[in-house]
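Enquirer: sequence and computational prediction follow.
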Protein chains: 2
Amino acid sequence: MIQYFKADPWKIIEDGFNPDMNEIAESIFSIGNGMMGQRANLEEDFTGKSLQGTYVGGVYYPDKTRVGWWKNGYPEYFAKVLNSTYWSGLNLFINGEIVDLSKVRIESFYRELDMFNGVLNRRSVINLKNGINVNIESTRFYSLVNKEYSALRYRFKTDRDCAIELTNNIDGNVVNKDSNYDESFWNEISQESRENEMLVAVKTKKLDWLLATACVSELLIDGETFSGQRINSTTRKFAQSKYSFDVKANQEVILVKHVITSSSFHHPEETVISHAQNAVNKMSASSFENHLEMSSKAWNAKWEMSDVTIQGDVSAQQALRYNIFQLHQTYCGDDPRLNIGPKGYTGEKYGGSTYWDTEAYCLPFFLVSSPSKISKQLLIYRYKQLDRAIENAAKLGFKNGAALYPMVTMNGEECHNEWEITFEEIHRNGAIAYAIYNYIQHTGDSGYLLEGGLEVLLGIARFWAQRVHWSERKQRYEMHGVTGPNEYENNVNNNWYTSYIAMWCLKYTKHCLQESQKLFPQIFGEIAKKTNLNVVEETKQWNHITENIYLPFDEEEQVFVQHDGFMEKELIPVNKLESENRPLNQKWSWDRILRSVYIKQADVLQGLYFFEDDFDMDTHQRNFNFYEPFTVHESSLSPCVHSILAAKIGNMGKAYEMYLRTARLDLDNYNNDTEDGLHITSMAGSYLSVVQGFGGLRVKEQTLHLNPVCPKEWESYSFKILIKNDPLEVKVDHDKTTIRNLGTKPVDIIIQEKQISVLPENTYSHQN
Amino acid sequence: MIQYFKADPWKIIEDGFNPDMNEIAESIFSIGNGMMGQRANLEEDFTGKSLQGTYVGGVYYPDKTRVGWWKNGYPEYFAKVLNSTYWSGLNLFINGEIVDLSKVRIESFYRELDMFNGVLNRRSVINLKNGINVNIESTRFYSLVNKEYSALRYRFKTDRDCAIELTNNIDGNVVNKDSNYDESFWNEISQESRENEMLVAVKTKKLDWLLATACVSELLIDGETFSGQRINSTTRKFAQSKYSFDVKANQEVILVKHVITSSSFHHPEETVISHAQNAVNKMSASSFENHLEMSSKAWNAKWEMSDVTIQGDVSAQQALRYNIFQLHQTYCGDDPRLNIGPKGYTGEKYGGSTYWDTEAYCLPFFLVSSPSKISKQLLIYRYKQLDRAIENAAKLGFKNGAALYPMVTMNGEECHNEWEITFEEIHRNGAIAYAIYNYIQHTGDSGYLLEGGLEVLLGIARFWAQRVHWSERKQRYEMHGVTGPNEYENNVNNNWYTSYIAMWCLKYTKHCLQESQKLFPQIFGEIAKKTNLNVVEETKQWNHITENIYLPFDEEEQVFVQHDGFMEKELIPVNKLESENRPLNQKWSWDRILRSVYIKQADVLQGLYFFEDDFDMDTHQRNFNFYEPFTVHESSLSPCVHSILAAKIGNMGKAYEMYLRTARLDLDNYNNDTEDGLHITSMAGSYLSVVQGFGGLRVKEQTLHLNPVCPKEWESYSFKILIKNDPLEVKVDHDKTTIRNLGTKPVDIIIQEKQISVLPENTYSHQN
């Protein structure tokens, strides 16, 4: 862990250039707009270490799955996020010398990600070997308004007269870092370069995704449109314009690239190319600055709804905004076929786009930070994939419309292939049901049940009802062969969390079925027919399960037991381990990790977090105090849940310690892997640590609950949230909590068990 | 399952040609000599389905390991049995028409593997499209005398005058079926073809194994050495002699190939090629027939020691001899660096050469069927790899010279990469210790302990002592995270078999240490110094473990519990499963198999088999009757143990049923995979089913124990065995057992609890 980037409340700043940090910086400065994005690869040539990456939502590649020994039920492919046509590159030669930041002397280098406006700026002064000093400035952004548009403005001047050769490239010759045997995933379709227009169209070797990248560029010298020599050329999957000209000292050269990236994910295949060309021509009729201003305004509006401020800790402030910013860059709810990849548009690792992270961590962020329609898109995503979840379950031997959602997916098909995860980490199904409950709690939109929610719940409930079995010996239902959220245990029996959420799913589904049947008998009848549902018979069986399911509890410690056999381990707390053993996932073999007591991420505690109202404060405390000392937090998803629970039980020291571990995970490269891309989904965790943890925010039946505390390390903090789509600001300092209703309706709030109502444009102050 | 091959007591016969069966026949008719071998690929061109395979012991390839998600401790490579230079191929054109059995009309086809003499014969009459009928006979063998020598005699005549083109090939352009992306594993070194000599030398791309295949050929027409046109040529990794000549009707053409295959596994690299050339010249000075006769005599002698006869069931007779034959073809104890691959020299699948199958199944066969030096080589093999077993354990975090032998290996390094097997199926370590015990029981050669056995036992004992842990809660040692022999359960806690064999290893090692210390204090002192051994301290800890280890036992059923949680499963016996579910490994997803009660192969029962004297007959019966109904025998290693135990408890019906499942596994293609190669190691199981099961043979402290029963399906059976390296024949019919001492020393025998002694050349008859 090092603090390489400079602190600033609204910006991420790199001051000076360190080639060893380049891949990390490429990740950190990634930009995107929820539909596509790219890593912050330098525009010019760079022969140092770099991971080039440009990604387009929904366009993926079903690569051959790699597996040592095949198991029945494994998926045929592994869906890879696709490195796609690279639009922002250029080559610059000055008096014949190439500009390559790994080869020149760098006099100054300053890069900033302006989160308030959603724009990446760079300024650098370099000294070429031929004695010429060059001043370079670049600005680029992905438009938050036109989601196919991205643009670059590249500006430079030299300190003496010289000859320039500048090539402007659109390059489809890209490979994924993780492709087997460096295979390219793209076939050539067409490439054009004429006048100031370029186009590269490529198609994936499988699934036939067509991607067209069209560019219109402007070259200005001292404000005058370039009129000299330009050579257009193309090669396979590549288009180029080469400009050769002379400049005088301090003459400003500006290259602007307007780019449209279109794909057959959004357009009929036959129109993709023409659409890209038309759109880029339309966009280029307006200026770079104009598009940037519109996009910035859209970003400013997002902050209006979801900003969190922290007074007295600029580093914490920066980190939290960074996490919020990256979440918005990754997902805007534009399309119900998109989701939130673990690396978003910042890297390729882990493939797939959708994990249970979405429901367990990201959805709660979007539920309070964004209009409810954005969260709803995430639910619709799963509904659209219900058929495949049913197919997936059928492949594993489940019947009668039971649905098992995949561990990792792009289009609803499972593409993960470790048996202990794919087949056994089934608690994901519970999180998907819980998301529906959570959404309705926040929005009151129980109508969603009839639009799809009920069918999803039913498929999931049917799965659980078949996944448990009756133990004659013990006269109870048990659930064998599961992997809980703590992936440092595999294939265990009676994981408390999984069994608990299974039980909850059955109860909640029954409740929703009965309510819907009562309130909307006709629509319900249609759903029942479609799903071949016999409410009485099925719920009768569910009742028997929920009344007789085994939920392991330890009498001696008075805690829930993570799974059978846990108490028989060597119960040595983490702080008794020599530091040379950490992190376990690097220092220990897998079997040693499995046999040990150490917990990768919240497991029993995840259940307390989801179902807190089912348990009293003593239960929270006992379980937290028992499990926390064994938890190594080697998942980026772990500390936030511990932080929230610690705050709940009044352990603010632990809450703040856990918050720190999640907040600057990527910025300070805690896990030594930021170069692979950002931990997008866990970024929601640091937001939740503040808002749910310190702020004690919950939304139950559309009523806001607050239990705010201000960490002693801060002066105060505030957060803006949406409640019933109306904005509200909560400011917490050590003495009081101030609530401003920025919306148009009165808001009911229960703050530290006191019920209040805040009228529009009013402020309420509460003594903490 | 189909009975395609004809029954015969000494031969495997294919009468008629079925191209769909070709790959199966290629496996079935495989020949070898314990150092190398090949599949029965047709000599001529064959464009139908075929798996070409020629294998040389010890020469392997460390291919990239394929794995979906890497775990710490996984091996870097997967050792592949190498498909090597193909020496027996030729092309035959008659009046310009190619002889290709997938294209011509086959009038007759007869192939037989003569097991008594170790030779493969084929006779066929084919009708070419051009109207010519051709009579072809081929004979080939791998010499059991000169282990680098193999030879082919290919004889044909036509029914009319015609023009012949015959090419004789040595071909190093071979690939492994299982190579990633069809990569070739061999580099070209040199190829020569001049006069009647050919040579192809190739080297592996990794590890630099050099392989030279030298051939001297003779071509005779009507008994006269060919003197016509011969064109010698070479291309990359390929050498050829092409003969063009005319024949008259019924003139006999004979091509003989004398071949020497030498490798740097046995020779210094610089001499490999010259050695091959010199040796082939020397060998070709003598006739094919002469070499065949010498090899046959060696085979006849093997049968003198290890034949089993069955009267009244020719199919059983054939199968048993086939299994014995293949075991001898695979392993002759020539070299302590060789072992018994799961497919021997008949295919590539599973890679590696050594599994625990060797110690658990094959060693008991060799102990009674072959001179003790052969079994000893198998022990020395493991001793030579002890350092790597210690390294392997260290990689997983074990200390102080603890040794974990690999699950799969070629040279002592682990090359299996499923965590639940590699790291957890550790009972293999126990089988390796048990093999030392078993060897000493049979041979009395306790001196082996000082030659290496003690060090192996110590490394294994140290592993177990660290692999268990003390459970404070239960005040006992437990062993978590293991996979027993039943691989349909993974990562379980307290697998009874594993914990029992661990306990046994600690006790036996302690016993051996103490005995050795007493009897050979000086050598023992050296070993203790070398291994940093403190007998008192270490055995004190072992005592605490053996006295306090948890061995799960079920009070209700009065049986040992396979592992924690087993009794809480749905205990539905196999015969209650609809047949559409079988075999589970094809019909069910992996998680469903894991959650089920079904047992792939003997697990608790494997422990009863190894440690039978620790348990009374009631215990045997209760455990057999409890576990057998849940066993699906989807491992080829399963039925034999059940057969032996069933015979022991007097359940002859079950014993015979289980025997049938193992005896003709490959001949009748029970598992639908004979085309991949033969199940060599499980072949020992059918031998043991008869000799240990029906014959009740055990050797304890070098004393023979017999409890013979004759299955009602047979008239009688007999087996020859070696006891203290002297041969003995036991013949069992329904009334009596006759024991002939064919050796030179008196033999003590306990037959059905009665102690007798049989003098040399004497026969003893016992009423059953």
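Expert: That came through, no problem. Model, not experiment: these values are computed from the prediction. Numbers count the residues shown, from 1 in each chain, chains lettered A, B, ... in the order given.
Enquirer: list the contacts of A:Ser446.
Expert: Shown in contact with A:Ser446 (C-beta atoms under 8 Å, 6 or more residues apart in numbering or on different chains): A:Ile440, A:Glu515. Just so you know, the C-beta spots here come from the backbone N, C-alpha and C atoms, and that holds for glycine as well.
Enquirer: tell me how far A:Glu715 lies from A:Ala316.
Expert: 11 Å (C-beta to C-beta, to the nearest Å).
Enquirer: so between those two, which is more surrounded?
Expert: A:Ala316 (25 against 13; other C-beta atoms under 10 Å in any protein chain shown).
Enquirer: tell me which element that one falls in.
Expert: helix A:314-330 (DSSP states H and E).
Enquirer: contacting residues around the helix or strand following that helix?
Expert: Later in the chain than helix A:314-330, the nearest helix or strand by DSSP H and E is helix A:357. Contacting residues not belonging to helix A:357 are listed as A:Ile340, A:Pro342, A:Leu637, A:Thr681, A:Ser682, A:Ala684 [C-beta under 8 Å, 6+ apart].
Enquirer: count of residues packed around the first one?
Expert: A:Ile340 has 26 neighbours, counted by other C-beta under 10 Å.
Enquirer: what do you get for the one 4 residues further on?
Expert: Here the neighbour count serves as a burial measure; for A:Gly344 (other C-beta under 10 Å) it reads 26.
Enquirer: circling back to that earlier point, so for the helix holding A:Ala316, what gets flagged as buried?
Expert: A:315-330 (16 or more other C-beta atoms under 10 Å in any protein chain shown).
Enquirer: also stretch A:715-728?
Expert: Neighbour counts using 16+ other C-beta under 10 Å place A:Ser716, A:Tyr717, A:Ser718, A:Phe719, A:Lys720, A:Ile721, A:Leu722, A:Ile723, A:Lys724, A:Pro727, A:Leu728 of stretch A:715-728 among the buried residues.
Enquirer: turn those into TSV, including distance to B:Asn493, secondary structure and pLDDT.
Expert: Converted to TSV, the buried residues of stretch A:715-728 look like this (distance: C-beta to C-beta, whole Å; DSSP: H, G, I helix; E, B strand; the rest coil; pLDDT from 0 to 100):
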residue	distance to B:Asn493	secondary structure	pLDDT
A:Ser716	51	strand	97
A:Tyr717	46	strand	98
A:Ser718	50	strand	98
A:Phe719	46	strand	98
A:Lys720	50	strand	96
A:Ile721	46	strand	95
A:Leu722	48	strand	94
A:Ile723	48	strand	90
A:Lys724	50	coil	87
A:Pro727	53	strand	94
A:Leu728	51	strand	95
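Enquirer: biggest separation within those, which pair?
Expert: Pairwise distances across the buried residues of stretch A:715-728 (C-beta to C-beta) peak at 25.9 Å, for the pair A:Ser716 and A:Lys724.
Enquirer: picking up where we left off before, could you give the angle of the helix holding A:Ala316 to strand A:716-723?
Expert: 20 degrees (axes from the mean of the first three to the mean of the last three C-alpha atoms, to 10 degrees).
Enquirer: and helix A:314-330, what does it pack against?
Expert: When contacts are defined as 3 or more C-beta pairs under 8 Å, 6 or more residues apart in numbering or on different chains; DSSP states H and E, helix A:314-330 packs onto strand A:11-15, strand A:31-32, helix A:288-306, strand A:308-311, helix A:363-369, helix A:652-663, helix A:680-688.
Enquirer: 7 Å instead, please
Expert: strand A:31-32, strand A:308-311, helix A:652-663, helix A:680-688 (3 or more C-beta pairs under 7 Å, 6 or more residues apart in numbering or on different chains; DSSP states H and E).
Enquirer: for A:Gln229, what are its contacts?
Expert: A:Ser244 (C-beta atoms under 7 Å, 6 or more residues apart in numbering or on different chains).
Enquirer: and for A:Ala276?
Expert: A:Leu199, A:Ala212, A:Thr213, A:Ala214, A:Ile260, A:Ser262.
Enquirer: host element of the first one?
Expert: Just to be clear, that refers to A:Leu199. Using DSSP H and E, the element containing A:Leu199 is strand A:197-204.
Enquirer: try the fourth one
Expert: Under the criterion DSSP H and E, the helix or strand holding A:Ala214 is strand A:210-221.
Enquirer: report the buried residues of that strand.
Expert: In strand A:210-221, counting by 16+ other C-beta under 10 Å, buried: A:Leu210, A:Leu211, A:Ala212, A:Thr213, A:Ala214, A:Cys215, A:Val216, A:Ser217, A:Glu218, A:Leu219, A:Ile221.
Enquirer: which of those sit farthest apart?
Expert: Checking these with C-beta to C-beta, the most distant pair is A:Leu210 and A:Ile221, at 36.4 Å.
Enquirer: nearest to chain B within the stretch 201-350 of chain A, name that residue for me.
Expert: Here the stretch 201-350 of chain A gets closest to chain B at one residue, A:Tyr350, 9.9 Å apart by C-beta to the nearest C-beta.
Enquirer: before we move on, what about the stretch 251-400 of chain A?
Expert: A:Leu396 (4.2 Å).
Enquirer: kindly report the same for the stretch 301-450 of chain A.
Expert: Going by C-beta to the nearest C-beta, chain B is nearest to A:Phe423 of the stretch 301-450 of chain A, at 3.5 Å.
Enquirer: can you pull the contacts of the closest residue to that residue other than its chain neighbours?
Expert: Distances taken as C-beta to C-beta, 6 or more residues apart in numbering or on different chains put B:Asp591 closest to A:Phe423, at 3.5 Å, once the chain neighbours are dropped. Neighbouring residues of B:Asp591 by C-beta under 7 Å, 6+ apart: A:Leu396, A:Trp419, A:Phe423, A:Glu424, A:Gly481.
Enquirer: doesn't B:Asp591 lie inside a strand?
Expert: No. Per DSSP: H, G, I helix; E, B strand; the rest coil, B:Asp591 lies outside any strand segment and is helix.
Enquirer: how near is it to A:Asp182?
Expert: 34 Å.
Enquirer: could you do A:Tyr149 as well?
Expert: From A:Tyr149 to A:Asp182 the distance is 31 Å (C-beta to C-beta).
Enquirer: pick out whichever of those two has more residues nearby.
Expert: Of the pair A:Tyr149 and A:Asp182, A:Tyr149 is the one with more neighbours under other C-beta under 10 Å, namely 24 against 8.
Enquirer: hmm, that one is touching A:Ser262, no?
Expert: No. In terms of C-beta atoms under 7 Å, A:Tyr149 does not count as a neighbour of A:Ser262; the distance is 10.3 Å.
Enquirer: find residues that contact each of the two.
Expert: Counting by C-beta under 7 Å, 6+ apart, nothing touches both A:Tyr149 and A:Ser262.
Enquirer: so what's A:Ile164 up against?
Expert: By C-beta under 7 Å, 6+ apart, the contact set of A:Ile164 is A:Ile94, A:Phe245, A:Asp246, A:Val247, A:Val253.
Enquirer: what are the bridge partners for it, then?
Expert: A:Ile94, A:Phe245 (DSSP bridges).
Enquirer: and the pLDDT for it?
Expert: The model reports A:Ile164 with a pLDDT of 97.
Enquirer: do the same with A:Met1
Expert: Per-residue pLDDT puts A:Met1 at 52.
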